[in-house]
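Colleague: pasting the sequence and the predicted coordinates here, then a few questions.
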Amino acid sequence: MGMTVEDVMTSKVVSVTATTPFKDLAETLVSNGVSAVPVLDDDNHVIGVVSEADLLCKEEFREQFYREGYRPPLRTRLLHPKSRQKARGDTAANLMTSPAITVPLEASAVAAARLMDAHGVKRLPVIDYNGRLQGIVSRCDLVKLFLRGDEEIAAEVRDDILDRTLWFDTSAVTVSVNDGVVTLSGRMERRAEATIAACVVARVNGVVSVVDELAWKADDSVRKAG
């Protein structure tokens, strides 16, 4: 439970330096089948990221150099005000997006997914406590978490969650998993405990959803008058 970025990242990373020329950047992306690469300084710190979109700025604005009056869409002007400047770039230093959005090794996979969503990126350079590059985590890496088998998920729910993590009696709870959907059934002492159990199980890596069929003896969610 609580798989970290270090558990799912790709440790072999293709990178470039600030002085890498435009043509070499394009070759690096194409030959390695990646859509972006981190830009590193001499001490392996991530100073930026160059993506296909950064390189394509040159093509997008090409006709403007020939006085053809191209004006980019409003959305491009608002979201990417540096696009015109990048169109004139010829090295990673003036093409890259900086500062780079990075994620630490110890961050949870959930935190990485939220960071990607918040910044609209598909991958994140992974750094250690000194800010040095350790790997790359992509959307694909995070999606792989859902490929865990049902038996593996069920074993973690029973052994790690019900038997070890939760502090109340779960001996009457049964677990079944089908295509990542966990069904909890049986009986517990209190309604609040059943709710907590379902919430904790939902955080297990690979769980698609939780079907809560738990019954309880006491409904402690309602306060008694007096």
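Modeller: Structure received.
Colleague: and the end-to-end length of stretch 34-43?
Modeller: Using C-alpha to C-alpha, to the nearest Å, the end-to-end distance of stretch 34-43 comes to 23 Å.
Colleague: helices and strands of this structure: which one bottoms out on pLDDT?
Modeller: One helix or strand of the chain scores below all others by mean pLDDT, DSSP states H and E: helix 74-79, with a mean of 49.
Colleague: find the nearest non-adjacent residue to S51, please.
Modeller: Counting by C-beta to C-beta, 6 or more residues apart in numbering, S51 lies nearest to A36, which is 3.8 Å off, once chain neighbours are set aside. In short, each C-beta sits where N, CA and C put it, glycine included.
Colleague: contact partners for that neighbour?
Modeller: 29, 49-52, 122-123 (C-beta atoms under 8 Å, 6 or more residues apart in numbering).
Colleague: how far does stretch 11-21 sit from the chain's center?
Modeller: Taking C-alpha atoms, centre = their mean, to the nearest Å, the mean C-alpha location of stretch 11-21 is offset from the chain mean by 21 Å.
Colleague: one more: stretch 120-136?
Modeller: 11 Å.
Colleague: and what of stretch 171-184?
Modeller: 26 Å.
Colleague: buried residues in it?
Modeller: Going by neighbour count (16 or more other C-beta atoms under 10 Å), the buried part of stretch 171-184 is 173, 175, 177, 180, 182, 184.
Colleague: and which of those residues is nearest K217?
Modeller: V173 (13.3 Å; C-beta to C-beta).
Colleague: for A172, see how far away the closest residue to the closest one other than its chain neighbours is.
Modeller: Nearest residue to V173, sequence neighbours excluded (C-beta to C-beta, 6+ apart): G186, at 4.2 Å. G186 sits at a distance of 5 Å from A172 (criterion: C-beta to C-beta, to the nearest Å).
Colleague: want to throw the contacts of A36 into CSV with distance to R203, pLDDT and secondary structure?
Modeller: Converted to CSV, the contacts of A36 look like this (distance: C-beta to C-beta, whole Å; pLDDT from 0 to 100; DSSP: H, G, I helix; E, B strand; the rest coil):
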residue, distance to R203, pLDDT, secondary structure
L29, 36, 95, helix
V49, 30, 96, strand
V50, 35, 94, strand
S51, 31, 91, strand
E52, 34, 91, helix
K122, 24, 91, coil
R123, 23, 92, strand
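Colleague: so who does S176 touch?
Modeller: So S176 contacts 154, 182-183, 185 (C-beta under 8 Å, 6+ apart).
Colleague: could you rerun that using 6 Å?
Modeller: Residues in contact with S176, defined by C-beta atoms under 6 Å, 6 or more residues apart in numbering, are T183.
Colleague: name the element it belongs to?
Modeller: Taking DSSP states H and E as the criterion, S176 maps to strand 173-178.
Colleague: so what's the backbone phi/psi at G120?
Modeller: phi 60, psi 40 (degrees, to the nearest 10).
Colleague: pull up the per-residue confidence for it.
Modeller: Per-residue pLDDT puts G120 at 89.
Colleague: now L55
Modeller: 87.
Colleague: element containing it, please.
Modeller: Going by DSSP H and E, L55 is in helix 52-60.
Colleague: report the buried residues of that helix.
Modeller: 54-55, 57-58, 60.
Colleague: also stretch 125-134?
Modeller: So stretch 125-134, judged by 16+ other C-beta under 10 Å, has buried residues 125-127, 133-134.
Colleague: SS state for the residue nearest to the spatial centre of the chain?
Modeller: When C-alpha atoms, centre = their mean is applied to the chain, the residue found nearest the centroid is A113 (2.7 Å). Under DSSP: H, G, I helix; E, B strand; the rest coil, A113 falls in the helix class.
Colleague: much appreciated, bye for now.
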